[in-house]
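# mind looking at a prediction? Sequence and model below.
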Amino acid sequence: MNVAKKIVLVEDDDILSEIICSTLIEYGFDVICAMDGEEALIKIQDQTPDLVLLDMFLPKKRGTEVLAALKMDPKTRQIPVIMLSVLGSEEDRKRCKEIGANGYIMKSQYGIESLGKKVSDFFTAS
């Protein structure tokens, strides 16, 4: 029996969060949602997910602050993190990679269904 991969989705837009969450569940993932950076750190610590999908612009703590905190903590540093953003500047991508992100997805480039496939492909490639 395969155990569903656990994903923490950190997205502050309620509607977008629901849509992404539903899509990932359809792909067979166990999804835990967080709405801000502080909540994300708590849930990631508690749940030890297989992957974090982390929005760049969040209330309370920016995505890059959450990413840095995760990568500094021995308990969470090995958890893969894919950044989600409406922006796609090379500077943003480079900064996230330097901090330790495993990927960077521009929300505007991918439909929700494509995002689900990209996450599935991430686990297949790992």
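Perfect, I can see it now.
# where exactly do the helices run in this protein?
14-26, 37-47, 63-72, 90-99, 112-125 (DSSP state H).
# low-confidence ranges, this structure, go.
1-2, 110, 126 (pLDDT under 70).
# please report how far the residue positioned nearest the centre of it lies from residue 10.
Closest to where the C-alpha atoms of the chain average out (CA atoms, centre = their mean) is residue 53, at 0.7 Å. Distance of residue 53 to residue 10, computed by CB to CB, to the nearest Å: 7 Å. C-beta: built from backbone N, CA, C; applies to glycine.
# so how far does stretch 43-54 reach from one end to the other?
Chord length of stretch 43-54, first to last residue, is 12 Å (CA to CA, to the nearest Å).
# buried residues of it, list them for me.
Within stretch 43-54, the residues that qualify as buried by neighbour count (16 or more other CB atoms under 10 Å) are 43, 44, 47, 49, 50, 51, 52, 53, 54.
# nearest to residue 36, out of those: which one, please.
When the buried residues of stretch 43-54 are ranked by distance to residue 36 (CB to CB), residue 43 comes first, at 10.6 Å.
# so the closest one makes contact with residue 8?
Yes: using CB atoms under 8 Å, residue 43 is in contact with residue 8, at 5.5 Å.
# need the overlap of contacts for these two.
Contact criterion CB atoms under 8 Å, 6 or more residues apart in numbering; residues shared by residue 43 and residue 8: 32, 34.
# mind putting the buried residues of stretch 43-54 into a markdown table with distance to residue 76?
Formatted as a markdown table, those follow (distance: CB to CB, whole Å):
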| residue | distance to residue 76 |
| --- | --- |
| 43 | 11 |
| 44 | 6 |
| 47 | 10 |
| 49 | 9 |
| 50 | 12 |
| 51 | 12 |
| 52 | 9 |
| 53 | 15 |
| 54 | 12 |
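# how many other residues sit next to the closest residue to residue 69 other than its chain neighbours?
What sits nearest to residue 69 in space, not counting adjacent residues and going by CB to CB, 6 or more residues apart in numbering, is residue 41, at 5.9 Å. Applying other CB atoms under 10 Å, we find 21 residues neighbouring residue 41.
# make sure residue 104 is actually in contact with residue 81.
No: in terms of CB under 8 Å, residue 104 does not count as a neighbour of residue 81; the distance is 9.8 Å.
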